[in-house]
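[1] Return atomic coordinates for the entry below.
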Amino acid sequence: MSTDLFGVRVLDVDRERRRVRIRVFVVYYEPSWGTDDLLPNDASFFFRVLWEGADDARGHDGGPLADLVGLDEFLDEEWVDRHTRLFVAGVERVVTRNHPLDDDAWDRLAMFYYEHDGGWQDEDLLAQGDYDVEVTDPRCLTPLRLGQSWGSTSYVSKAVEAVDVEKEYAALAAGGDTRAAFVLGWFRQKAGDAAGAATAYRLAAGTQDPDERMKALLYLGDLYAEQGDPQAARAAYAESVACRPVPGDGRYVSRVALKLGVLLRASGAEEEARAMFTLAEQSGGIDLVREARRLAGTETWAERTCRALRDTDQDTASRALTDACGSAAVARFGTILAQRQSDRARAALACLTEPADLERAAGFGLDLATVWTRENDDYAVNMVIDVVVATGRPAEGYRLALAEGLIEAGSGRTSCSEKVAFQLLRLLKDNNDLDGLARLVLTAEQAHPRVAANACHFLGLAGKESKDLQTAATWLRRGAALTEPDEDAAAGPAYDLGIVRAEQGDLDGARAAFSQAERGFVYLGDRVRAALSLAGLLDGRGEHVAAGAAWTRAAFHQAWLDLDIVQAQWSIRRLGDLLAGAGEEEAARTAYELAGESREPSTAPGADACAAYHYARWTVARGNRDSARAMLRTIADGAGPYAARAAAVLRKAAR
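    Numbering: from 1, shown residues only. Sure thing, here's the model as predicted:
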């Protein structure tokens, strides 16, 4: 079942007593189920919930239960019922609210409640219970964090009494089953048999699966650390890190790297320790990333503030931020903003009057937005960017955040800082804040050139709309120059620069701009547009040979857009043959270059006429090229989808 049945929240974790208090909300209400017994009681449900809390696929950092129990086993009801008592020692419901439901419940409750940002709408109305869950091993509680919440599809089955499975796993391990050897190591370690556990983990490390090998060596290192042998632990962790298939890859890399980094630091190998913390940060879930950055000493203002709010209280967080940014007033604002209290943050912002404090506030907001982007909290990011703009100093805050290392320069799909810069850009564009955009460009050109190119494009189009072609050309030229690391980002301003240059009468400048746009665009439809604009420009100047080559490229881009690359290459080859027959040698040479080594005919009936059809209709529309009319007649006499289209173009041209 894919729809959540319950919501789960961790209220307290007591690792010494092997106990966690969990609140369970009923979030799915089906009247046919009645009003009684909606809350779970069987230990099997809580085993499933503990497994979910350790499953890194759900955004958590992984943990022993997810290491021990695979997805297939988790989904096997009989397996869960047989093994639950090996992990869950007892369950007691200590508090019940809104349960059982009264007769009016269906009038006030929705059928389903979605989880949002760790909460559920109308929580106080939902049937709910608080449970103390005792586990057999404190390692089962490792990944759980106070306040951690998630929606769950888990359900209640019937856990049976605990069974002795060690002999079963020992027999499988003796037969070469490395996964069974790992589970055997777990049970032996739990029983206090350190030597037997080490032997089992070594057997498990004999697997050919890099992730499973890393896991076995991670647990072997943990065992040695628990036994007070840091040298052996360090060696096992180092062996585990070396197993990763590619640098930074692997499910267990971050967990191992973090532990190895701590041991390296303890031995005085600070440089190597920092390298491990960096590796942990690159590979881990959010909790591990936070810990890696704390240990590495690379926490930003926002990260320190959020950690203090999680671990201590608001006053401690405010003092930490004051020490970092040097302003108590900014710290008050930032601490409130970090608690997602937008209205109160705006009120605190109104108390900031000094430009330097407003810049610090904006810089902190961008820092915080980057942290929440890393956590995929889009709602919070949008909220904080709104507040950043409300400072009136967003561009200056952006510059400060970069200078202080609160956000990082550099473009790329995984760059959270660039994503935040784009969010800031979007809001400034929505507000039509041309001055703010211009100030943003000054810094973004070096830090986030794709953001700067987009901003320049917007400013250039604004100048064009106001008939200020000189200003438009200045901004568009600036954006078109930002080709690194992404030519596509510069292609947009380059294309519109071509239009502006043409209006200014600078046809050579327009030609260069259209050519750059065609080369840089990733989307084929944009390439078609740029090539057609270039062809029209050249044809208007009487450069018919060069125009023909541009139309040929446009035809190839269009054929690739309509078909696929193999069919497009065959289609453009046929166009080359027709152009060669008509004596248009330059255009034919262009077509053959685009066709490459393609020799296979298209398998789609009539698809080979695609490029020729588009080339001919474009050139006929310009009112020239008798050869293009002949080309259309040849296509119209054939078969396939382009025959009728060619005939229609000829009829229209004859009117």
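[2] tell me the contacts of Leu579?
    By C-beta atoms under 8 Å, 6 or more residues apart in numbering, the residues touching Leu579 are Gly548, Thr552, Glu585, Ala587, Ala588, Ala591, Ser627. For glycine as for every other residue, the C-beta is placed from the backbone atoms N, C-alpha and C.
[3] host element of the last one?
    Assigning secondary structure by DSSP states H and E places Ser627 in helix 626-636.
[4] Now do whatever helix or strand comes next after that helix and helix 626-636, the angle between them.
    Sequence-wise, the next helix or strand downstream of helix 626-636 (DSSP H and E) is helix 641-654. Interaxial angle, helix 641-654 versus helix 626-636 (axes from the mean of the first three to the mean of the last three C-alpha atoms, to 10 degrees): 140 degrees.
[5] Out of the contacts of Leu579, which comes closest to Tyr113?
    Thr552 (58.9 Å; C-beta to C-beta).
[6] burial measure for that closest one, as a count.
    29 (other C-beta atoms under 10 Å).
[7] Repeat that for Glu226.
    12.
[8] Same check on Phe87?
    So Phe87, with other C-beta under 10 Å, has 22 neighbours.
[9] which regions of the stretch 351-500 of the chain sit below the pLDDT cut-off?
    Along the stretch 351-500 of the chain, the model assigns pLDDT under 70 to no residue.
[10] The same query, at a cut-off of 80, please.
    412-414 (pLDDT under 80).
[11] Run through the helices of it in chain order.
    355-374, 378-390, 394-403, 416-430, 434-447, 449-465, 469-480, 487-504 (DSSP state H, counting those that start in this stretch).
[12] Include mean neighbour count when you put those helices into a markdown table, please.
    A markdown table is the format used below for the helices of the stretch 351-500 of the chain (neighbours: other C-beta atoms under 10 Å):
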| stretch | mean neighbour count |
| --- | --- |
| helix 355-374 | 25 |
| helix 378-390 | 19 |
| helix 394-403 | 23 |
| helix 416-430 | 21 |
| helix 434-447 | 19 |
| helix 449-465 | 23 |
| helix 469-480 | 22 |
| helix 487-504 | 23 |
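[13] got a markdown table for the ones you listed, with distance to Leu109 too?
    Output for the helices of the stretch 351-500 of the chain, formatted as a markdown table (distance: least, C-beta to C-beta, whole Å):
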| stretch | distance to Leu109 |
| --- | --- |
| helix 355-374 | 31 |
| helix 378-390 | 24 |
| helix 394-403 | 43 |
| helix 416-430 | 36 |
| helix 434-447 | 46 |
| helix 449-465 | 46 |
| helix 469-480 | 53 |
| helix 487-504 | 49 |
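[14] And those: which comes nearest Tyr114?
    Comparing the helices of the stretch 351-500 of the chain by C-beta to C-beta, helix 378-390 comes nearest, at 12.6 Å.
[15] send the alpha carbons of that closest one over as PDB?
    What follows is helix 378-390, C-alpha atoms only, in PDB (Å, rounded to 0.1, in the frame of the first residue of the first chain):
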ATOM      1  CA  ASP A 378      11.600  24.000  -0.700                       C
ATOM      2  CA  TYR A 379       8.800  25.700   1.300                       C
ATOM      3  CA  ALA A 380      11.300  27.000   3.900                       C
ATOM      4  CA  VAL A 381      13.800  28.100   1.200                       C
ATOM      5  CA  ASN A 382      11.100  30.200  -0.600                       C
ATOM      6  CA  MET A 383      10.100  31.800   2.800                       C
ATOM      7  CA  VAL A 384      13.600  32.800   3.700                       C
ATOM      8  CA  ILE A 385      14.400  34.200   0.200                       C
ATOM      9  CA  ASP A 386      11.400  36.400   0.600                       C
ATOM     10  CA  VAL A 387      12.800  37.700   3.800                       C
ATOM     11  CA  VAL A 388      16.300  38.200   2.200                       C
ATOM     12  CA  VAL A 389      14.700  40.500  -0.500                       C
ATOM     13  CA  ALA A 390      12.800  42.300   2.300                       C
END
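[16] could you say what helices and strands that helix packs with?
    On a contact count with 3 or more C-beta pairs under 8 Å, 6 or more residues apart in numbering; DSSP states H and E, helix 378-390 meets helix 342-349, helix 355-374, helix 416-430.
[17] Determine which of the ones you listed approaches Asp103 most closely.
    Per C-beta to C-beta, nearest to Asp103 of those: helix 342-349, 38.6 Å.
[18] Quick one: list the elements packing against the closest one.
    helix 328-338, helix 378-390.
[19] What residues of the helix holding Ser627 count as buried?
    Under the neighbour-count criterion of 16 or more other C-beta atoms under 10 Å, helix 626-636 has Ser627, Ala628, Arg629, Met631, Leu632, Thr634, Ile635, Ala636 buried.
[20] contacting residues around the last one?
    For Ala636, the contacting residues are Ala643, Ala644, Ala646, Ala647, Leu650, taking C-beta under 8 Å, 6+ apart as the criterion.
[21] and if we set it to 6 Å?
    Ala643, Ala646, Ala647 (C-beta atoms under 6 Å, 6 or more residues apart in numbering).
[22] hang on, the earlier thing: which one of the contacts of Leu579 is nearest Gly129?
    Checking the contacts of Leu579 one by one against Gly129 (C-beta to C-beta), the nearest turns out to be Thr552, at 71.8 Å.
[23] How about the secondary structure of the closest one?
    helix (DSSP: H, G, I helix; E, B strand; the rest coil).
[24] gap between it and Glu584?
    Remark: distance between Thr552 and Glu584 (C-beta to C-beta, to the nearest Å) = 9 Å.
[25] secondary structure element for Pro143?
    Going by DSSP H and E, Pro143 is not in any helix or strand.
[26] if I pick the closest residue to Arg344 other than its chain neighbours, what's in contact with it?
    Spatial nearest neighbour of Arg344, chain neighbours left out: Ile336 (4.8 Å); criterion: C-beta to C-beta, 6 or more residues apart in numbering. By C-beta under 6 Å, 6+ apart, the contact set of Ile336 is Arg344, Ala345, Ala348.
[27] Okay, strands next: where are they in the stretch 51-200 of the chain?
    88-97, 115-116, 119-120, 128-135, 149-152 (DSSP state E, counting those that start in this stretch).
[28] For those strands, give me JSON lines that also has mean neighbour count, mean pLDDT and distance to Thr483.
    Below are these laid out as JSON lines (neighbours: other C-beta atoms under 10 Å; pLDDT from 0 to 100; distance: least, C-beta to C-beta, whole Å):
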{"stretch": "strand 88-97", "mean neighbour count": "15", "mean pLDDT": "94", "distance to Thr483": "59"}
{"stretch": "strand 115-116", "mean neighbour count": "14", "mean pLDDT": "82", "distance to Thr483": "41"}
{"stretch": "strand 119-120", "mean neighbour count": "16", "mean pLDDT": "89", "distance to Thr483": "45"}
{"stretch": "strand 128-135", "mean neighbour count": "20", "mean pLDDT": "96", "distance to Thr483": "57"}
{"stretch": "strand 149-152", "mean neighbour count": "19", "mean pLDDT": "90", "distance to Thr483": "44"}
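[29] Reformat those strands as TSV; add distance to Arg251.
    Rendered in TSV, the data for the strands of the stretch 51-200 of the chain read as follows (distance: least, C-beta to C-beta, whole Å):
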stretch	distance to Arg251
strand 88-97	25
strand 115-116	25
strand 119-120	29
strand 128-135	23
strand 149-152	19
